[in-house]
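**Q** For reference, the sequence and a predicted model appear below.
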Amino acid sequence: MSVIRTDKLTRRFGDVVAVRELDLEIAGGGVVGLVGPNGSGKSTLIRLLLGLIRPTSGTALVFDSAISDPRQYASRIGALVESPAFVPSLSARTNLRSLARLRGISNARVDEVLEVVGLRERSKEPAKRFSLGMKQRLGIAAALLPDPELLILDEPTNGLDPAGIVEIRELLRGLGDEGRTLVVSSHLLSEIEAACDTLAVVRYGELLYSGPLSELVAKSGECIETVPERPQDVGRLGELLAAKGWKTTVHDEDVRVSAPASASADVNRAAAEAGITLSALRPHSISLEEIFLRMTGEESGDNGRPADAQAAEKLEVVS
Amino acid sequence: MIRAIRCELVRLKTPSLLLGGMGLIVFFSVLATTIVFLTVGGESAGGPPGTQRITTQALEASDGMFAGLQNFVGMLGIVTLAMWAMAVTSDYSSGLIRLLVQAQPNRLQLLGGKVVALTAFTCLSTLVATIAVLVVSPGVASLGDVSTNAWSSGLLGTALEAYVQLTLCVLMWGVIGLLVGMLTRSAGISIGIGIGYLMIFEGLAGMLFDSAQKWLPGSAFSVIASGGSTDMAFGTAAFVAGAYAVGALVLTAVTFRRRDITA
């Protein structure tokens, strides 16, 4: 059964298309990574699914209910959208109790979620005294209040130090093991790689890939690393192999060729015929980061994006 | 909607709202009473721009202890406007609105809960302010050489009437604050608009179109606080003010229901 299903879902902000005819299906259970460069439409998609904003066109179902009526599934879903938000002068517990009252949830559940995120001991402190990591955990606690079947976390490790990232990662793993469906949006690919089973990659509001992470890595992961003996030959080698029809990525000291290991002899021959001696020729396991950069075709999310996508991001930040 | 009310009441317990909102209403009530009684001199006592002059005779009447409060009601209205506007704008500026709408996707219920909770809070604030005026009035009256002999007759009824009129008046201002806060989503702009409107716009409108001024919200709200005036009966003022309040509530509800939550 699909937990989330979108059909040509589109959201425009004036002339700006933040989400463009997105067809996405997320099955129940496991941790799903929603990745994309900044301004790729991740947060807009999450807001659409939560009923915070309305689509321009297309449809989407959450637990088989249309997103036009989020009341049908609000009790089955918990979310942390962008930064956690609380009344700073109120304690963590009072903040959560306020939200629990709105959802008709008992105070006992408040204590439970504080325990889950490890904040029970400090729950009487005002939220304004919390570190960023503690605020993120409090935000996750708020999302967990309704004991949701679907938990959507938008950039849960944003701004955290390495220790905080590890804490949140372990928390996410634990939540995923409980049988919930977790959708985790992030641009930190190492986090996604460490925590997620399934991946959805978006760019400029369009879906580039959706499926198991292992399949994507296996599909994209066959790569040959070639190192010319003379570093100044790197550029020429890249051009040469590209001209032969291989997809190449030129690095400082090597050229990576998207090809199975069985193509190594052909690559070596092509280099030798051009007078380039290779000092190394070996299969290379590709990282999710490299796959992502290949798919999105850019080093940074803000580089080379269409003007409308950049404007969409600005619009979201400003409003 | 009960859930939304309970949620809102928890958040209204913040010290900034308790001290800033309720505290300011009580402070201005006592200050207004003190100023009027100490400056009455012989002929008249003043108030903020656009308010009526108060005579010693008026202060010595059975409802005289609340005359200062009624004359400064515009200030209390601005405080209430600011408080209601901040209750809306802080949800947007903090991003809390995202959590609230997720938890209660029926936005009209959410707004209804906020209105009821703020109304309760405002009623409590004006009750405390009325009691404070009851307590300090005899003291400042004696300092200002104002006779209080007539005050004891029907004191409870007079106090109750003053409380209801004051509460109705500031609630109207609160609803306007709710609307301005929802439209601007900025506490500073909302308060600026409130003060600018009362101090400048209505004053100018009164100078240019004397007969039209009484139909403007600020004037109508003030007439309610005074229990009626020579220009406008209480019932007419209540009808006019009620129309403004209902219009503001409807516009607020439509805006909130239709607007994207991008905060």
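**A** Perfect, thanks for sending it.

**Q** neighbours around A:Ser264, how many?
**A** Neighbour count of A:Ser264, defined by other Cβ atoms under 10 Å in any protein chain shown: 17. Every residue, glycine included, has its C-beta placed from N, CA and C.

**Q** give me every residue that touches it.
**A** Going by Cβ atoms under 8 Å, 6 or more residues apart in numbering or on different chains, A:Ser264 touches A:224, A:281, A:283.

**Q** tell me, how many neighbours does the second one end up with?
**A** This means A:Leu281. As a burial measure, A:Leu281 scores 17 neighbours (other Cβ under 10 Å).

**Q** what is it paired to in the beta sheet?
**A** A:Thr226 (DSSP bridges).

**Q** and it, what is it in contact with?
**A** With the criterion set at Cβ under 8 Å, 6+ apart, A:Leu281 makes contact with A:224-227, A:264, A:267-268.

**Q** got the buried residues for stretch B:33-40?
**A** Buried residues in stretch B:33-40, counting neighbours by 16 or more other Cβ atoms under 10 Å in any protein chain shown, are found at B:33-38, B:40.

**Q** quick one: least confident of those residues?
**A** Across those, the member with the lowest pLDDT is B:Val40, scoring 75.

**Q** Would you mind naming what in chain A lies close to chain B?
**A** A:47, A:50-54, A:69-71, A:74, A:77-79, A:81-83, A:85-90, A:94, A:97-99, A:101-104, A:142, A:146, A:315-316, A:319 (Cβ under 8 Å from any Cβ of the partner chain).

**Q** Quick one: buried ones out of these?
**A** Buried members of the residues of chain A next to chain B, scored by 16+ other Cβ under 10 Å, are A:47, A:50-53, A:70, A:74, A:77-79, A:81-83, A:85-90, A:94, A:97-99, A:101-103, A:142, A:146, A:315-316.

**Q** Of all residues in the stretch 1-150 of chain B, which one is closest to chain A?
**A** B:Gly95 (3.4 Å; Cβ to the nearest Cβ).

**Q** Not counting sequence-adjacent ones, nearest residue to that residue?
**A** A:Ala85 (3.4 Å; Cβ to Cβ, 6 or more residues apart in numbering or on different chains).

**Q** try A:Leu175
**A** That would be A:Leu182: by Cβ to Cβ, 6+ apart, it lies 5.9 Å from A:Leu175.

**Q** ok, now which ones touch that neighbour?
**A** Applying Cβ under 8 Å, 6+ apart to A:Leu182 gives the contacts A:30-32, A:151-153, A:172, A:175-176.

**Q** Same check on B:Ala103?
**A** B:Ala103 makes contact with A:74, A:99, A:102-103, A:146, B:7, according to Cβ under 8 Å, 6+ apart.

**Q** who in chain B is up against chain A?
**A** Counting by Cβ under 8 Å from any Cβ, chain B sits next to chain A at B:3-4, B:6-7, B:10-11, B:13-16, B:90, B:94-106, B:110, B:260-263.

**Q** change it to 7 Å
**A** Counting by Cβ under 7 Å from any Cβ of the partner chain, chain B comes close to chain A at B:3-4, B:6-7, B:10-11, B:14-16, B:94-96, B:98-106, B:260-262.

**Q** which of those residues count as buried?
**A** The neighbour-count test (16+ other Cβ under 10 Å) applied to those identifies B:3-4, B:6-7, B:10-11, B:14, B:94-96, B:98-106, B:261-262 as buried.

**Q** Narrow those to those in strands?
**A** Among those, no member is found in strands (DSSP state E).

**Q** Just want the most central residue of the chain.
**A** You didn't say which chain, so I picked chain A. For chain A, the residue sitting closest to the mean C-alpha position, by Cα atoms, centre = their mean, is A:Val35 at 2.8 Å.

**Q** my bad, the chain I had in mind was chain B
**A** Most central in chain B (Cα atoms, centre = their mean) works out to B:Val170, at 2.0 Å.

**Q** Spatially nearest residue to A:Pro84 (excluding sequence neighbours)?
**A** Counting by Cβ to Cβ, 6+ apart, the residue nearest A:Pro84 is A:Gly139, at 2.7 Å.

**Q** Quick check: B:Thr126 touching B:Thr167?
**A** Yes - the pair B:Thr126 and B:Thr167 passes the contact test of Cβ atoms under 7 Å, sitting 4.4 Å apart.

**Q** got a list of contacts for stretch B:136-151?
**A** B:30, B:33-34, B:37-38, B:40, B:56, B:59-62, B:64-65 (Cβ atoms under 7 Å, 6 or more residues apart in numbering or on different chains).

**Q** Quick one: low-confidence residue ranges for chain B.
**A** For chain B, applying pLDDT under 70 flags the ranges B:41-53, B:210, B:212-213.

**Q** now do 50
**A** B:43-44, B:50 (pLDDT under 50).

**Q** Show me the strands in it, by range?
**A** With DSSP E, there are no strands along chain B.

**Q** Do a quick rundown of the helices in it.
**A** Secondary structure of chain B (DSSP state H): helices at B:2-12, B:15-17, B:23-39, B:56-60, B:67-71, B:73-94, B:96-103, B:107-143, B:155-184, B:187-196, B:202-208, B:210-213, B:217-226, B:234-258.

**Q** try chain A
**A** Under DSSP H, chain A gives helices at A:42-50, A:92-103, A:107-116, A:132-144, A:162-177, A:189-195, A:213-220, A:234-243, A:264-273, A:288-296, A:307-318.

**Q** per-residue confidence averaged over the shortest one?
**A** Helix A:189-195 comes out with an average pLDDT of 77.

**Q** and that helix, what other elements does it pack with?
**A** strand A:30-35, helix A:162-177, strand A:181-186, helix A:288-296 (3 or more Cβ pairs under 7 Å, 6 or more residues apart in numbering or on different chains; DSSP states H and E).
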